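>>> can't give you the sequence, but here's the structure:
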DNA sequence: GATGAATGAGTATTCATTCAT
DNA sequence: AATGAATGAATACTCATTCAT
């Protein structure tokens, strides 16, 4: 069966995994994850066939969640700078509020365990986010830069800011804004 | 002294580790690294006390090497944009030419195995590079952004470009230049 | 509960350990012990956390078993010489009939792996045996010798005899009796 | 060559081994022994072919030393009780004064590494000691007990006392004497 | 489905011994 | 002879995965 009974349990495992991997790295044992999720050793495998499978799904779902949060409530009628600012604030705010998911994602991104298919799937869930980002450069100086490179740069700048927001939450908003200003200068 | 410890062998191990880890991740076995380095299983441990030790030294030395390459031949008399461009070109060029070291570094950066001391040591070796980068923003719009955040952003943009340079070497120079232009817009 | 931990299996491991250690010494591998016990390599560690732990428990349980055998069926109404003779015969008889346990115990006794706590625990299980031994000297010439030293001497004489009983089983009873006579002369 | 140049170094290794093994057990590494002896790793093997060889020689020489000390200055003209008492006092005194050698010997005695040949050799070096002990029983109640068993019993009683002498040196003499009295009662 | 014991392949590290210097 | 680096077999213990209950 494609999806076993309890979706709650599935989510619990995924969230437990994020927490444990944030703390212990990808070497975290499935036993530790199961324990954190409040289930038994063996039950984990009725929800995920292998550890690799669990990791891949964690990757995809975390990325999707991030993308969904980022585009929530975008004022589609406002001008592009406002839309981008809204997106940016959502994105960095969510990421900074989930340091564990973020830290885990950082490990997953560079891991061999994540298949090309998973990477592709994650990209799909970010389509809408990417589309809005794209609008920002279509008439600007970056119009000839490959789309992927441009997205990667936006990502990179955001990431740098998020690190600072997590480390020094009191000034989180300031960091977010500084980064947005830099991003805006870059594309316009 | 009988058969003194050879610096060559130490380097060979470090380079073998970079190659193997790039291919297999941090889970790469010490045996595989030793074999790639052309030494015996046990000899690895006469040069590095533990695998963690090896990983930390690999991290420090790779970062140092990168920093040293980046600042080689900087035209200190030229204007700041020229200096930055030179730095940028060195940096991205070297990184793109050593995809294995780069890939390995990406894993090490997010790993728990790397101690805060190692991270600090790596920072030290990048002082000069950071200093030059700093000159670029002292009178510009980013003058009030924290130094570390600014450096992280530069890093992030470079990284994004390097990925592209590695994936599509034919257009490497173009990507490098586009990224530099974006960076320059960001800081000026 | 799924497949509860089996006490039989625990005992099987302990007995396998006694057999293997008797043959190969304390350097015996956990793999060899597991194989002899008919379980897998890893299962040994669901019953004992470490090899040291296994060794300590083996020590304690073997000593307890010996003590229990020694005092079985003591004729508490008979005079003290009869009681001692019964104890002595039980004790030497059991020890001589389990040369493997005995040989293993000899190694364990001098090993660093055995903790003071284990030694203390073993002493407790021999309380009753020691009490009867004690009765034998309370009015005799050894009345002022420290209790522990007296017990150690009894032990030592018995041990010497047991070695002979094992080596030359045909005359086992004779050796046992000679040793008892010597012991009796010593204390009366 | 049967005996390499420096006999001093050979002895130094043997004594270092006794000290280290007393502290760390038979698992003590040859490297640790070499270091304690003040020589290099590899040099140990110009004096002893293998670790087993070292252990066997340590066994033989320690036993010989003990035997030699035990019979030093025996008053051959005195009556047998005096002779035995002298022997006993020498023996226990020496053993109690070298707790490391004693402890090491205890481990060696039960070890598989010691060959039957070594055990035989050790017995030879104790011939004279055994001869004197023998005199003590030839007309007594133990006259029909096998010689080896009798010796083992003497040994065992002495051993028990030595333990106490080491643990509580202040009363060493008392323990030695108590044990002798017990021994004398046993044989006469 | 849930549980946790059973499995056994896998791995860092150690150490007796050898050998180049 | 002396040194200590090099060797590689050996081993306790781990952990993803399976399976009996």
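Right, received. Where do you want to start? The structure presented is a predicted model; accordingly, all values stated were derived computationally and were not measured. Residues are numbered from 1 along each chain as shown, chains lettered A, B, ... in the order given.
>>> the residue in chain A that chain B sits nearest to - how many residues pack around it?
Among the residues of chain A, residue A:156 lies closest to chain B, at 3.1 Å counting by CB to the nearest CB. In this view, the C-beta of every residue, glycine as well, is placed from N, C-alpha and C. The criterion is other CB atoms under 10 Å in any protein chain shown. On that basis, residue A:156 has 22 neighbouring residues.
>>> which non-adjacent residue is nearest it?
residue B:156 (3.1 Å; CB to CB, 6 or more residues apart in numbering or on different chains).
>>> cool, and residue A:27?
Residue nearest to residue A:27 in three dimensions, not counting chain neighbours: residue B:27, with 7.8 Å by CB to CB, 6+ apart.
>>> quickly note the distance from that neighbour to residue B:20.
Distance from residue B:27 to residue B:20, counting by CB to CB, to the nearest Å: 10 Å.
>>> give me the three-state assignment for the residue of chain A closest to chain B.
Here residue A:156 is recorded as helix under DSSP: H, G, I helix; E, B strand; the rest coil.
>>> wait, does stretch A:86-101 contact chain B?
No: where contact is defined by CB under 8 Å from any CB of the partner chain, no part of stretch A:86-101 touches chain B; the two come within 12.4 Å at best.
>>> now that stretch, how far from the centre of its chain.
Relative to the chain's own centre, stretch A:86-101 is displaced by 9 Å; criterion: CA atoms, centre = their mean, to the nearest Å.
>>> and that stretch, what's buried?
Buried residues in stretch A:86-101, defined by neighbour count with 16 or more other CB atoms under 10 Å in any protein chain shown: A:86-88, A:90-96, A:98-99, A:101.
>>> and the furthest pair within those residues?
Farthest apart among these by CB to CB are A:86 and A:99. That separation is 22.4 Å.
>>> I figured residue A:143 hits residue A:136, correct?
No: if you go by CB atoms under 8 Å, residue A:143 and residue A:136 don't touch, sitting 10.5 Å apart.
>>> and these two? Which one has more around it.
Per other CB under 10 Å, whichever of residue A:143 and residue A:136 has more neighbours is residue A:136, with 21 against 10.
>>> could you report the pLDDT at that one?
The per-residue pLDDT reported for residue A:136 equals 90.
>>> so what are the domain limits for chain A?
Following automatic domain parsing, one gets these domains for chain A: A:1-48, A:59-187.
>>> what about the first one and DNA strand F, any contact?
It refers to domain A:1-48. Yes: using CB under 7 Å from any atom of the strand, domain A:1-48 reaches DNA strand F at A:27-31, A:41-42, A:44-45.
>>> what mean pLDDT does that domain get?
Averaging the model's pLDDT scores along domain A:1-48 yields 91.
>>> do I have it right that residue A:163 meets residue B:153?
No: the pair residue A:163 and residue B:153 does not pass the contact test of CB under 8 Å, sitting 10.3 Å apart.
>>> now do the contacts for the residue nearest in space to the middle of chain A.
Chain A has residue A:63 as the residue nearest its centroid, 3.7 Å off, counting by CA atoms, centre = their mean. Counting by CB atoms under 8 Å, 6 or more residues apart in numbering or on different chains, residue A:63 touches A:105, A:122, A:125-126.
>>> what does residue A:74 give?
Taking CB under 8 Å, 6+ apart as the criterion, residue A:74 is in contact with A:83, A:86-87, A:132.
>>> in helices, which of these appear?
Taking DSSP state H as the definition of helices, these contribute A:83, A:86-87, A:132.
>>> nearest to residue A:14 among those residues?
Of all the ones in helices among the contacts of residue A:74, the one sitting nearest residue A:14 is residue A:87; the distance, using CB to CB, is 25.1 Å.
>>> could you list the low-confidence segments of chain A?
For chain A, residues meeting the criterion pLDDT under 70 lie at A:1-5.
>>> ok, which stretches of it are helices?
Remark: helices assigned in chain A by DSSP H are A:7-24, A:30-37, A:44-47, A:51-71, A:80-97, A:99-109, A:116-125, A:127-135, A:147-167, A:172-187.
>>> buried set for the second one?
Residues of helix A:30-37 classed as buried under the neighbour-count rule (16+ other CB under 10 Å) are A:30, A:32-34, A:36-37.
>>> comparing residue A:163 and residue B:153, which shows the higher neighbour count?
Counting neighbours by other CB under 10 Å for residue A:163 and for residue B:153 shows that residue B:153 has the greater number, 30 against 20.
>>> doesn't residue A:161 make contact with the residue nearest to residue A:156?
No: counting by CB under 8 Å, no contact exists between residue B:156 and residue A:161, whose distance comes to 9.3 Å.
>>> count the neighbours of residue A:187 for me.
Other residues near residue A:187 number 23, with proximity taken as other CB under 10 Å.
>>> who are the contact partners of it?
For residue A:187, the contacting residues are A:136-137, A:140-142, B:182, by CB under 8 Å, 6+ apart.
>>> turn the ones in helices among the contacts of residue A:74 into CSV, including distance to residue B:51.
Compiled in CSV, the ones in helices among the contacts of residue A:74 are given as follows (distance: CB to CB, whole Å):
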residue, distance to residue B:51
A:83, 48
A:86, 46
A:87, 42
A:132, 44
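>>> mind picking the two most distant members of those?
Among those, the pair separated by the greatest distance (CB to CB) is A:86 and A:132, at 9.1 Å.
>>> residues in contact with residue A:96?
When contacts are counted by CB under 8 Å, 6+ apart, residue A:96 is found next to A:102, A:162, A:165-166, A:169, A:172, A:176.
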